[in-house]
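**Student:** Got a predicted model here, sequence first, then my questions.
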Amino acid sequence: MIVEAGGVTVKSDERVIGLGRQQPRQRHRSAAYLLLTGAVALLLGTNAVTGLALYFAPEINGLMRKDNSALSHAYEQRITELRLEVDRLHSRQYAQMGDMNLQMHELVQQQEVLSEQHEYVRALTDMARDMGIASPQTPTDPVITGSIAPQPHLSGSDTVALAASISTMQHETRMALVSLSDAATLSTNEILDGLRGVGLEPQVAETGIGGPFIPARGSGESIIDEANAVADALARYHSAKTALLAAPIRIPVPGSGVLSSGFGNRKDPFLNRTAFHSGIDFRVTTGTPVFAAAGGKVVFAGTNGGYGKMVEIDHGNGLTTRYAHMSQIGVTAGQSILGGQRVGLSGSTGRSTGPHLHFEVRRGGSAIDPSRFIATGRTLSSHL
């Protein structure tokens, strides 16, 4: 539509007119939006203020503090319980470590005692070996590891194992000592039985007890009792062996003599009638070495009638031996000699029909059968 106004023609559009009519309505809508937004903001602000007021209100604040205090107290209670549990665990660990340290200290002391005892055992073993006594068992050398300091990393099973090892070692050593004592006792009894068979009774203390060895119940770890028993047995054996070495039981011509004439009545080779033969004769060639049947002191060395060149030795306990018809004498009167030491050479001097050695054993000046001594010497040769 065209409108003329004041000589100006204006073209009007209905949409423009319609738009112009709509502007007031839009303005009302914007105002309402702003009013609504403000109300919401005012409501939120009011709620915030109300919340702060409630929070800082004495009643509400006290209630919240009460809940927080209860929760905090529960946590503190739990923490205290955990700390007590940790302390108990630490105390138990410290107690266990203390027990282990005490056990290790006791083990160290046991090892020190075992080392001292072993020196005694070693001395007894060496003594027995020097005497010629061999035990079926040998005392175990203790494994001395030096100073054992308590180790935190060692467990209870370690200390138990070490204690068991020491106990086993002591038990084996004890059994070895008993075996050594038994060996010495058996040897002593064997010697005494042999000497008694030829009428000798050495002065050796008799104990009169015996039986298999069973460790005492509840006994301590000391092996001194068994070691002392070994010492006593060795002392008895030493006495018996001393008597044995003084007994004329060695063959005067070992390995080369053949018995040609025994002790007692026989036909005299010169008179061809019965006569008493006071010794035994060994058929040997002239110049065969003649040895002392036992240790002693030479009381005669020279020519003695029908004995020819003769040596007589006093062995103590009223026993003497004579070696006759020798071609050469190698000792002098008053000389001390050992058993098995050479006294001269065989021959055929004096009243003799040929080279041989006449050997006599006398007790209290009376001749006794030497063959019994020679037989005993063969039986006890391992102790000579």
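**Tutor:** Cool, got the structure. Numbering: from 1, shown residues only.
**Student:** which residues in the protein form helices?
**Tutor:** All helices of the chain, identified by DSSP state H, fall at 14-55, 58-131, 156-197, 224-245, 370-379.
**Student:** pLDDT averaged over the longest one, what's the number?
**Tutor:** Yep, that's helix 58-131 we're talking about. Helix 58-131 carries an average pLDDT of 66.
**Student:** Then the third one?
**Tutor:** Throughout helix 156-197, pLDDT has a mean value of 80.
**Student:** Can you check what angle separates that helix from helix 224-245?
**Tutor:** Calculated by axes from the mean of the first three to the mean of the last three C-alpha atoms, to 10 degrees, helix 156-197 forms an angle of 20 degrees with helix 224-245.
**Student:** name the helices or strands packed onto helix 156-197?
**Tutor:** Secondary-structure packing of helix 156-197 (3 or more C-beta pairs under 8 Å, 6 or more residues apart in numbering; DSSP states H and E): helix 58-131, helix 224-245, helix 370-379. Bear in mind the C-beta positions are built from the backbone N, C-alpha and C, glycine included.
**Student:** Which positions within the second one qualify as buried?
**Tutor:** Residues of helix 224-245 classed as buried: 226-227, 229-231, 233-234, 236-237, 239-241, 243-245 (neighbour count, 16 or more other C-beta atoms under 10 Å).
**Student:** Show me which pair in those residues is furthest apart.
**Tutor:** Pairwise distances across the buried residues of helix 224-245 peak at 28.2 Å for 226 and 245 (criterion: C-beta to C-beta).
**Student:** Show me which of the buried residues of helix 224-245 is closest to residue 120.
**Tutor:** Looking at the buried residues of helix 224-245 and their distance to residue 120, the nearest is residue 227, at 5.3 Å (C-beta to C-beta).
**Student:** partner residues bridging the closest residue to residue 362 other than its chain neighbours?
**Tutor:** Among residues not flanking residue 362 along the chain, residue 320 sits closest, at 4.8 Å (C-beta to C-beta, 6 or more residues apart in numbering). Beta-bridge partners for residue 320, by DSSP bridges, are residue 314, residue 362.
**Student:** List the contacts of residue 320.
**Tutor:** 296, 299, 312-314, 361-362 (C-beta atoms under 8 Å, 6 or more residues apart in numbering).
**Student:** Read off the pLDDT value for it.
**Tutor:** 96.
**Student:** any idea how far it is from residue 380?
**Tutor:** As judged by C-beta to C-beta, to the nearest Å, residue 320 and residue 380 stand 20 Å apart.
**Student:** Over to residue 271?
**Tutor:** Residue 271 sits 38 Å away from residue 380 when distances are taken as C-beta to C-beta.
**Student:** between these two, who's got more neighbours?
**Tutor:** More crowded of residue 271 and residue 380, by other C-beta atoms under 10 Å: residue 380, with 20 against 8.
**Student:** Next one, pLDDT for the more buried one please.
**Tutor:** On pLDDT, residue 380 comes in at 91.
**Student:** so what's the nearest residue to it once chain neighbours are set aside up against?
**Tutor:** Excluding its sequence neighbours, the residue lying closest to residue 380 (C-beta to C-beta, 6+ apart) is residue 194, at 4.9 Å. By C-beta under 8 Å, 6+ apart, the residues touching residue 194 are 244, 249, 376, 379-380.
**Student:** Take these and write them to TSV, including distance to residue 351.
**Tutor:** Listed next are the contacts of residue 194 as TSV, based on distance: C-beta to C-beta, whole Å:
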residue	distance to residue 351
244	33
249	27
376	29
379	33
380	33
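**Student:** ok, which pair from these is furthest apart?
**Tutor:** Once C-beta to C-beta is applied, the contacts of residue 194 give 244 and 379 as the farthest pair, at 10.9 Å.
**Student:** Residue 121 reaches residue 177, doesn't it?
**Tutor:** Yes. Counting by C-beta atoms under 8 Å, residue 121 touches residue 177, with 6.4 Å between them.
**Student:** quick one, which of those two is more surrounded?
**Tutor:** Neighbour count, other C-beta under 10 Å: between residue 121 and residue 177, residue 177 has more, with 29 against 25.
**Student:** Now for the more buried one: which residues touch it?
**Tutor:** By C-beta under 8 Å, 6+ apart, residue 177 lies in contact with 121, 124, 139, 223, 226-227, 229-230.
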